[in-house]
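In: What follows is a protein structure lacking sequence information:
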């Protein structure tokens with residue numbers, strides 16, 4: 001049975017800028033004040049990325065706002081966060097990332113059974129031509145939906 005999911009934040013630009021090859025669900029090692037900020041949804045990760053260092057996966061450039069109610073024991077908003085994965089998954093990810101052009105991008109953050117989870121993707125960057133094709137395809141789908149809506153009225 002799957003646990004209850006409550007979305008915290010979604011990186012919509014990642015699906016536009018990158019071609020997603022594989023996704024992994026992983027935990028994230030957080031401090032107490034960081035959890036409070038996650039519950040309030042005060043995170044920012046437009047340029048976040050992950051890397052494998054010495055058999056561990058670290059998330060970089062994830063900004064978690066400081067909690068105003070815990071001034072003395074607050075966390076560093078820009079510290080690196082360790083992602084929790086199985087060793088076999090880390091090995092598989094490391095082999096992929098060592099190939100040319102692959103990178104690790106967080107797609108979304110959510111709560112699952114009261115714990116913060118990260119949807120991490122192994123991606124390759126899209127070229128400008130691919131991005132234009134996606135925009136064109138999205139516009140065509142929007143036009144078709146509009147036509148169906150208008151024909152349904154009459």
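Out: That came through fine. The model shown is predicted, which means the values in this text are computed figures rather than measured ones.

In: residues of the longest helix seen in the chain that come out buried?
Out: Counting residues, the longest helix found in the chain (DSSP state H) is helix 128-153. Buried residues in helix 128-153, counted by 16 or more other Cβ atoms under 10 Å: none are found. In short, each C-beta sits where N, CA and C put it, glycine included.

In: and it, average pLDDT?
Out: Averaging pLDDT along helix 128-153 yields 85.

In: what's near enough to touch residue 59?
Out: Residue 59 makes contacts with 28, 48, 49, 50, 80, 81, 82, 83, 106, 118, as judged by Cβ atoms under 8 Å, 6 or more residues apart in numbering.

In: Which of the helices or strands spans it?
Out: If you go by DSSP states H and E, residue 59 is part of strand 56-60.

In: and of the contacts of residue 59, the nearest to residue 144?
Out: Nearest to residue 144 among the contacts of residue 59 is residue 106, at 32.3 Å by Cβ to Cβ.

In: My guess is the closest one contacts residue 47. True?
Out: No. Counting by Cβ atoms under 8 Å, residue 106 does not reach residue 47; the two are 10.6 Å apart.

In: Pick out whichever of those two has more residues nearby.
Out: Taking neighbours as other Cβ atoms under 10 Å, residue 106 and residue 47 compare with residue 106 leading, 24 against 12.
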